[in-house]
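[1] I'd like to go over a predicted model; first the sequence, then the structure.
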Amino acid sequence: MQQLKFVEKNSQGLDEVRVSDIEGIEAPYYTPEVSGPEGLQALLSAKNALEKQNPIMVPGHRWQDIRSKPRFKQVRDEIRSLVTEHPFYYYEPVELFRYSRPQNLVTYAFQGDQGRSRDFYDLLRDKEYEKAIGKLPSFFQPFVEKQMKGLLKSKDLAVPMKFQSQSSGKVHEAWRDSRADSGFTNYFERLADDAGNAPNAALIPPAPPVMKSTGKDVISRTLGFNSYMRKLARSKWDDPSCGNVTAYLHFYVDQGIFESNNNNNDVRVKKAVRSEIENSTYAGLAITISNIENIWSKGNEKALERFITDITSLAREKHLPVIMPRSGYFGMHLTDHGVHSFSNLMNGNLTYNRRGGGIDERAKYGTLPVYGAARDVNAEQLDRVLSRNQGQVHDVAGVPNSPPTYNSSASTYKAKFGNANQFRIEFGKPRRMVHIKEAKELREGIQRGTAQPAQRYLERSQHPDLS
């Protein structure tokens with residue numbers, strides 16, 4: 001594997017990316033991310049819209065649970081075909097280890113096992129807090145502890161004094177806990193074992209956030225986690241009983257490092273990337289940027305663009321691709337600066353939703369992207385779009401261009417669009433494949449010699465920051 005080039009330019013001027021043992025993926029490309037069973041259902045219904053060998057991103061720790069759900073009993077062969085025909089990025093949802101999302105984190109820690117989650121919550125109700133924490137895998141324990149105040153409140157349980165003063169803004173401090181420092185090995189090994197069951201998979205480990213206020217220890221810890229995952233991937237690659245597994249060097253950076261008073265952490269990240277890829281073998285780089293939309297609202301987009309240009313230049317020297325998980329249209333924009341892939345969740349979000357609270361009727365239908373507009377519309381806005389266009393949206397090969405049911409004269413969302421679950425699975429989330437069409441047009445622009453094709457597309461759009 002050390003002699004492999006994971007990105008090379010072809011005769012048409014496009015970069016071709018290799019993901020594990022799958023070659024020739026033309027960039028830039030869009031990577032859809034599945035976060036749960038509904039997302040997988042939607043992706044299966046939209047599988048004909050996927051390009052040949054189009055990478056797919058999944059939550060590694062829960063992927064086995066998701067694909068094994070009883071609802072997929074009749075489509076096991078389709079899932080096997082999906083895994084066989086496409087390389088998979090195993091990506092851990094980094095926001096669960098930084099922000100207060102306690103219910104999501106508990107579900108994730110128990111890999112979706114409802115029985116284990118039920119036992120955990122029963123112990124909380126019995127005020128057996130330490131026993132409840134002890135039920136969690138070691139790595140996850142300190143992160144859940146940091147969110148106990150919010151977790152207990154979400155279950156309408158009394159919050160004891162020991163948790164009263166907790167601040168959810170300190171979740172990321174759990175990365176320094178000895179249980180995280182030691183427990184990550186078992187966690188990572190489980191990820192690598194499951195990845196080894198796929199023909200082609202790339203591991204992207206979780207990492208602590210590099211913020212403008214953090215010190216050098218965060219970057220050192222990030223490199224340590226990446227190094228361990230890289231070694232696990234190499235052991236699977238060398239094992240003839242496993243599929244082709246590689247690892248990406250992953251940095252999780254906060255938008256604040258692009259501000260002027262950033263403690264020089266943007267420079268520290270670039271130096272760390274250079275040193276690591278010069279001395280170790282990775283299959284690519286993944287850069288996740290939290291709150292990326294705030295960079296534009298704060299006027300720091302030029303600093304971000306310089307950072308990404310420097311990172312992609314370093315990666316190109318080593319023939320490594322650079323992908324940006326959870327980046328959406330901002331990641332599309334940055335393909336003009338060397339990024340090979342942008343992605344978002346199937347619901348269009350850049351992070352997992354917080355749980356708790358009610359949801360209004362309109363929100364149950366989610367959102368979907370409108371081609372050319374570079375923006376997502378909700379059910380109310382979609383109704384106006386459909387009314388102007390004879391009940392249809394722009395054609396995208398492989399997905400429907402109208403909802404399963406649509407009655408423009410109806411007065412309620414259910415009467416207008418039908419069942420919300422059916423709408424999301426059969427229409428709303430499959431329409432996320434609009435981004436595949438957009439990525440293809442970016443490649444065509446590169447082939448024609450268009451300078452900055454992403455900017456050309458976005459400046460004609462209705463995007464609030466990029467148009």
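    Received it, and whenever you're ready, just let me know what you need.

[2] can you map out the strands along the stretch 301-450 of the chain?
    Applying DSSP state E, counting those that start in this stretch to the stretch 301-450 of the chain gives strands spanning 322-324, 341-345, 368-370, 375-377.

[3] please identify the most buried of the ones you listed.
    Mean neighbours per residue, mean count of other C-beta atoms under 10 Å, is largest over those for strand 322-324, with a mean of 28. (Glycine included, C-beta is placed from N, CA and C.)

[4] now tell me what touches that strand from outside.
    The contact list for strand 322-324, computed with C-beta atoms under 8 Å, 6 or more residues apart in numbering, reads 31, 89, 248, 284-289, 308, 311-312, 315, 331, 334, 338-343.

[5] repeat for stretch 407-417
    Stretch 407-417 is contacted from outside by 361-362, 364-365, 379, 383, 386-387, 391, 403, 405-406, 420, 423, using C-beta under 8 Å, 6+ apart.

[6] and the lowest-mean-pLDDT helix or strand in the chain, how far out from the chain middle?
    Here the helix or strand of the chain ranked lowest by mean pLDDT, DSSP states H and E is helix 161-164, holding a mean of 86. Centre-to-centre, helix 161-164 and its host chain are 33 Å apart (C-alpha atoms, centre = their mean, to the nearest Å).

[7] in that helix, what's buried?
    F163 (16 or more other C-beta atoms under 10 Å).

[8] rewinding a little: just the buried ones from the contacts of stretch 407-417?
    364-365, 379, 383, 386, 403, 405-406, 420, 423.

[9] on that earlier part again, between the strands of the stretch 301-450 of the chain, which one is nearest to E189?
    Across the strands of the stretch 301-450 of the chain, E189 has its closest neighbour in strand 322-324 (23.7 Å, C-beta to C-beta).

[10] quick one: strands adjacent to that closest one?
    strand 284-290 (parallel), strand 341-345 (parallel) (DSSP bridges).

[11] picking up where we left off before, looking at the strands of the stretch 301-450 of the chain, which is nearest to R179?
    Among these, the nearest to R179 by C-beta to C-beta is strand 341-345 (28.5 Å).

[12] who's in contact with the closest one?
    Contact partners of strand 341-345, identified using C-beta under 8 Å, 6+ apart, comprise 17, 27-35, 39, 55, 57, 321, 323-332, 334-335, 350-352, 432, 435, 439.

[13] mind redoing it with 7 Å?
    For strand 341-345, contacts defined as C-beta atoms under 7 Å, 6 or more residues apart in numbering pick out 27-33, 35, 55, 57, 323-328, 331-332, 335, 350.

[14] alpha carbons of that strand, as PDB, please.
    Output of strand 341-345 as PDB, limited to C-alpha atoms (Å, rounded to 0.1, in the frame of the first residue of the first chain):
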ATOM      1  CA  SER A 341     -15.600  15.600  -2.100                       C
ATOM      2  CA  PHE A 342     -18.300  17.400  -0.200                       C
ATOM      3  CA  SER A 343     -21.100  15.800   1.800                       C
ATOM      4  CA  ASN A 344     -24.000  16.100   4.100                       C
ATOM      5  CA  LEU A 345     -26.500  13.900   5.800                       C
END
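
[15] tell me the mean pLDDT over it?
    Strand 341-345 comes out with an average pLDDT of 98.

[16] which residue is the nearest non-sequential neighbour of Q164?
    Leaving out its chain neighbours, the residue that sits closest to Q164 by C-beta to C-beta, 6 or more residues apart in numbering is K149, at 7.0 Å.

[17] how about V75?
    Nearest residue to V75, sequence neighbours excluded (C-beta to C-beta, 6+ apart): L44, at 6.3 Å.

[18] confidence score at that neighbour?
    pLDDT, L44: 98.

[19] helix or strand next in line after the strand or helix carrying it, which one?
    Assigned by DSSP states H and E, L44 belongs to helix 37-45. Next helix or strand after helix 37-45 toward the C-terminus (DSSP H and E): strand 56-58.

[20] and that following strand, what does it pack onto?
    With contacts taken as 3 or more C-beta pairs under 7 Å, 6 or more residues apart in numbering; DSSP states H and E, strand 56-58 sits against strand 29-33, strand 88-91.

[21] are we agreed that A247 is in a strand?
    Yes. Checked against DSSP: H, G, I helix; E, B strand; the rest coil, A247 lies within a strand.

[22] beta partners of it?
    Listed beta-bridge partners, A247: L203 (assigned using DSSP bridges).

[23] which residues does it contact?
    Contacts of A247 (C-beta under 7 Å, 6+ apart): 202-203, 229-230, 233, 282-283.

[24] so which of these are in helices?
    Under the assignment DSSP state H, the contacts of A247 contribute 229-230, 233 to helices.

[25] would TSV of those with neighbour count, distance to Q455 and pLDDT be doable?
    Listed next are the ones in helices among the contacts of A247 as TSV, based on neighbours: other C-beta atoms under 10 Å; distance: C-beta to C-beta, whole Å; pLDDT from 0 to 100:
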residue	neighbour count	distance to Q455	pLDDT
M229	27	34	98
R230	21	34	98
A233	30	35	98
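
[26] so where's the stretch 151-300 of the chain uncertain?
    Flagging of the stretch 151-300 of the chain using pLDDT under 70 yields the residue ranges 168-169.

[27] show me where it has its helices.
    Taking DSSP state H, counting those that start in this stretch as the criterion, the stretch 151-300 of the chain contains helices spanning 161-164, 178-195, 216-237, 265-279, 293-297.
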